[in-house]
Structure formats: structure tokens, C-alpha cells
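> I'd like to go over a predicted model; first the sequence, then the structure.
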Amino acid sequence: MLYQIFETQRSIMEPFSDLAQAAAKLYSNPLNPMSQTPLAQRASAGYALMHRLGKDYEKPEFGIKTVKVNKTDVAIHERIEIDKAFCELRRFKRFSDDPATLTQLKAQPAVLIVAPLSGHYATLLRDTVRTMLQDHKVYITDWKNARLVPLSEGEFHLDDYINYVQEFIRHLQSIYGNCHIVSVCQPTVPVLAAVSLMASRGEKTPLTMTMMGGPIDARKSPTSVNNLATNKSFEWFENNVIYRVPANFPGAGRRVYPGFLQYTGFVAMNPDRHATSHYDYFKDLIKGDDASAEAHRKFYDEYNAVLDMDADYYLETIATVFQDFKLVNGTWDVKGVDGKVERVRPQDIKGTALMTVEGELDDISGSGQTRAAQDMCTGVAANDRQHLEVPGAGHYGIFSGSRWRSVVYPQVVKFILNHTKSASKPASAAPKAASAAVKPVVVKTAAAKPAAKTPAKVTLKAVAKPASNVVAKATSKSTAAGKTNTAVKTTWVDAKKKA
């Protein structure tokens, strides 16, 4: 019933939102005599804000037309590679008429980015995709809005999510021989499960897994998101947040967790920050600060666009990840496309290097939650494991914005490149798997300062300590002119030999 009420309210508000937009344009039009009156700018700004608060936000486009590869513009063609009932595997194919650039593009590794299915569209990772296109062939999972999927397509479960990921990995392997996989936030858990199952079966697994800000072990440093899931029972979620899609959508009758409820939860985490942001937008319009106003519009066009999730998938995620902690407890069984039930065993992963990334100020996936994967993947060699903690970064900062581009991405691209090269070496040269006692190298970088303009050099050295612990120490030097550009040098040390 709540969903129908929300849709009715939205339908009623839509014409008023359109009217507010028209009024904003009327008061700001220089050909209108009223625009020259003292209060015209305030009236226009007020109506513009009213329009944005009342409008319906549709799925944005990625809108990536070109990227720079070695100072050369490369055209991007976005296309759907695989179309599943609940997801599209989207490819960003790069084109160039420069022979040298084309040769370089063909030699670069393929990366599958698994976007979160947690309320927002995959376009939330636009900056992630745009940056990675400089050095990789990029594919991304573009999850569909469940209210647009007809009932005839059946239900969507967490197991289906895992099976989709495995299918996409095999698709890239069939084209390129192998690939790398990057997961951001929610998909870190199903991606780890997917790769674990492939390893247990003896299948070829991705060369690397990069996991960023995800709840691998939601018991560590619990956030408000974790507390909500643990303080409420499974039945509470099923009875209070699951509704059926109204009749005016293709998925009419489907049980879903509505996107507007998830959006309400997002805003409720930081209501003061959002209120301040909207008031600043109002003031920017009055001052005529078009750049700041446009930045606000771009951010909230993305942030306010939300999708519905199938009820079965949502409830199973709550139970598996946030209540029963099945992954870390070793009790998670997954049903494959062939109907066979298999146990998820991360310790079976051996041929896939692991990198985990966390933000110091992440208020969605707390400190240590993502790094827990390092302790679970005991079959991965010690020098094939790396952890990056980004000081001063929140949840979004580790995959979008200046910290992502200047601090996180240089480490990710280096990690992928190193293991792409090592994969071409003879198997006998591969390092032996480490025991569970060996800890991964922890890379800590100084937070990038927005105002800085000189390249900063960061040198990272691994220091061996007793009990086979390997720790990285970062020192930073700034040059005289001012740009922030992080150059990283990492030295791996065998703790057993040095201790």
C-alpha cells in the first residue's frame, strides 16, 4: 500500500514541479521585465529548488564519449554485451585511428567492474569507469530496476547474482584468456563467493580481485547500516519494507524493496549535510555561481536516482551478510545454475591476487570489514595480497573524486599491471601460497589535499616485524611547485627471513 501512496503523491506533485521549473525560467529570463525587479533572483532560485525537490529522477546515462590515453583522445562506444533478465553486462569499447595508440589499447588488460545493487544505478561508478578506461578494457554490471522486470522473468536471488558474476567472468575469459575483477561496496561479498566457487571447482579464476569498501565481515567496526540490520529481525524487514510494484509498471505485482525507501535511508544518515547542500544551491543561484549550481545538479541527479531491488535478493542479503555472517562463519551454501548446492570456501582461491581498499572515514562499511578478506583467502600467496587504507576518505571517496584518482587508482592500476605481467611467466616461477599466519602488506598513503598543486612523492617500504607481520610505512615529500600527484614505490619483504 505504501508504494501506491508514494506513486500517487509523486503523480500529484509532478505538474507542480514542472510549473515551478517554468516559473524559475520566467523570473530569470532577461527578456521578462519582472526579471529586473529586486526579488526576481530569489524567486527564480526558490522555484528552481522547489522543482528539484519535487521532480522524479530517472536513470542517468554514463555519458562517457572520450577519454585520454597518453594525451590522445580515444572515442568510447558504449554497448550491451550480455542482456540478462536483471542485469546488463555493459562494455565501453575504445576506438582510435592512431596506430600506436591502437596497439597500446589492444595490449591492455580487461577488467570487469561489478557495480553495487543496493539502491543506486551503476552510473554511480561513472568516475571509476572513466578513470579505468585510460589503462584497461572495461566492462561493468548494469543492474536493472526490478519494477521494470516482468513477473514472467521469475524471482531474483542472491545465488542468481553470484551465478551472473561467474557467467560474466567466463565471458571475458573466453575473449581475452583471463581478466581482472573490481567490486565496489555491496558486491564484494558475492564476488568473493563467485571466485571461491570457481576455485573450488578447479576453474580458471581472475588474475586479480580488487575489493573496495565492502562488508566482507560486517561484525567489524559496525556502522549505522550494520546496526539496523542486526537490531531488527528478518521478519521485521519482510513485513515492513517489502511491497508490491504498482500496476503502472512492467513489473506490476513483483515483491520489491522500493528504491524510495533506500533513498530515505541514505538521506537520514546525514540529513543536516543534505539540507545545507540544498541551501547552498539556493544561494549559488542567487549569486549567479553557475559552476557550483551545476555541480550540485550533477551530484543530485545521480544521488536521487534510485532503483527497486527484488525482495528475495534483498532479504537474503540481509540474512546472509548482516545477520548470520555466513561468509566469515564458513556456512554459506550457494545453488548454481545446474541446481547443485556448493559451499563457499575462500581458502580455495590460489591463483588470484587480492587487493582490499578501505576509507578511513567510511560510514557505510566500517574499518576492517573489507580487509577481512585478507584473512579468509589463506591460499593466496603473501606477496599477492595488498591492503590500502586511504586517510581522510569516506565511502564514496575511495572510488570517486580526487582521492580515487590521485591516491587509490595509481595503486590499483599498478597492482593489476604487475599481476598481468606475472601471469605470462612460467608456472614454476609462481610464488608458493602463504600460510594463514602471514599478513598482507598494508599500504597507507597520505590524504591528497585539494588545494595542492605540486607532485608529491610517496615512498612505501615494507618493514618486517616478528610473528611474520609485514607492515608498510609511508613517507611523503612535496616538491616546490605544488600539484598533487602520488608516485608510489612499494618494496615487498619476506617477514620470515627478516624477522
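Received the coordinates, thanks. Numbers count the residues shown, from 1 in each chain.

> going forward, measure contacts and count neighbours with C-alpha atoms only.
OK.

> domain parsing for the chain?
The chain breaks down into these domains under automatic domain parsing: 2-56+259-303, 66-233+309-424, 449-499.

> Which residue, neighbours along the chain excluded, lies closest to the residue positioned nearest the centre of the chain?
The centre of the chain sits closest to residue 184, judged by CA atoms, centre = their mean, with a distance of 3.3 Å. Counting by CA to CA, 6 or more residues apart in numbering, the nearest residue to residue 184 once its immediate chain neighbours are dropped is residue 212, at 4.8 Å.

> Please apply the same query to residue 277.
The shortest distance from residue 277 to any non-neighbouring residue, by CA to CA, 6+ apart, is to residue 296 (7.8 Å).

> so that neighbour touches residue 279, yeah?
No - using CA atoms under 8 Å, residue 296 is not in contact with residue 279; the gap is 10.8 Å.

> who touches the helix or strand containing residue 327?
Assigned by DSSP states H and E, residue 327 falls within helix 326-329. Applying CA atoms under 8 Å, 6 or more residues apart in numbering, the contact partners of helix 326-329 are 189, 193, 216, 217, 320, 321, 332, 344, 376.

> how about the residues you listed in JSON lines, adding neighbour count and pLDDT?
Below are those laid out as JSON lines (neighbours: other CA atoms under 10 Å; pLDDT from 0 to 100):
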{"residue": "189", "neighbour count": "23", "pLDDT": "98"}
{"residue": "193", "neighbour count": "25", "pLDDT": "98"}
{"residue": "216", "neighbour count": "29", "pLDDT": "97"}
{"residue": "217", "neighbour count": "24", "pLDDT": "96"}
{"residue": "320", "neighbour count": "16", "pLDDT": "97"}
{"residue": "321", "neighbour count": "23", "pLDDT": "96"}
{"residue": "332", "neighbour count": "18", "pLDDT": "98"}
{"residue": "344", "neighbour count": "25", "pLDDT": "98"}
{"residue": "376", "neighbour count": "20", "pLDDT": "96"}
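
> right, and residue 14 touches residue 53 too?
No - assessed by CA under 8 Å, residue 14 is found out of contact with residue 53, at 10.6 Å.

> helices and strands around the longest strand along the chain, which ones?
Of all the segments of type strand in the chain, defined by DSSP state E, the longest one is strand 72-83. On a contact count with 3 or more CA pairs under 8 Å, 6 or more residues apart in numbering; DSSP states H and E, strand 72-83 meets strand 66-69, strand 87-95.

> hmm, 10 Å instead?
Helices and strands touching strand 72-83, by 3 or more CA pairs under 10 Å, 6 or more residues apart in numbering; DSSP states H and E, are strand 66-69, strand 87-95, helix 99-107, strand 137-143, helix 158-176.

> what mean pLDDT does it have?
The average pLDDT within strand 72-83 is 95.

> ranges for the strands of the stretch 251-400 of the chain?
Using DSSP state E, counting those that start in this stretch, the strands found in the stretch 251-400 of the chain span residues 255-257, 309-310, 333-335, 341-343, 353-359, 385-390.

> Could you export these as TSV, including mean pLDDT and distance to residue 90?
Below are the strands of the stretch 251-400 of the chain laid out as TSV (pLDDT from 0 to 100; distance: least, CA to CA, whole Å):
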stretch	mean pLDDT	distance to residue 90
strand 255-257	97	24
strand 309-310	97	19
strand 333-335	97	25
strand 341-343	97	29
strand 353-359	97	24
strand 385-390	96	28
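
> Can I get these in JSON lines including distance to residue 1 and mean neighbour count?
Shown next, in JSON lines, are the strands of the stretch 251-400 of the chain (distance: least, CA to CA, whole Å; neighbours: other CA atoms under 10 Å):
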{"stretch": "strand 255-257", "distance to residue 1": "12", "mean neighbour count": "25"}
{"stretch": "strand 309-310", "distance to residue 1": "17", "mean neighbour count": "26"}
{"stretch": "strand 333-335", "distance to residue 1": "33", "mean neighbour count": "18"}
{"stretch": "strand 341-343", "distance to residue 1": "36", "mean neighbour count": "14"}
{"stretch": "strand 353-359", "distance to residue 1": "39", "mean neighbour count": "27"}
{"stretch": "strand 385-390", "distance to residue 1": "44", "mean neighbour count": "23"}
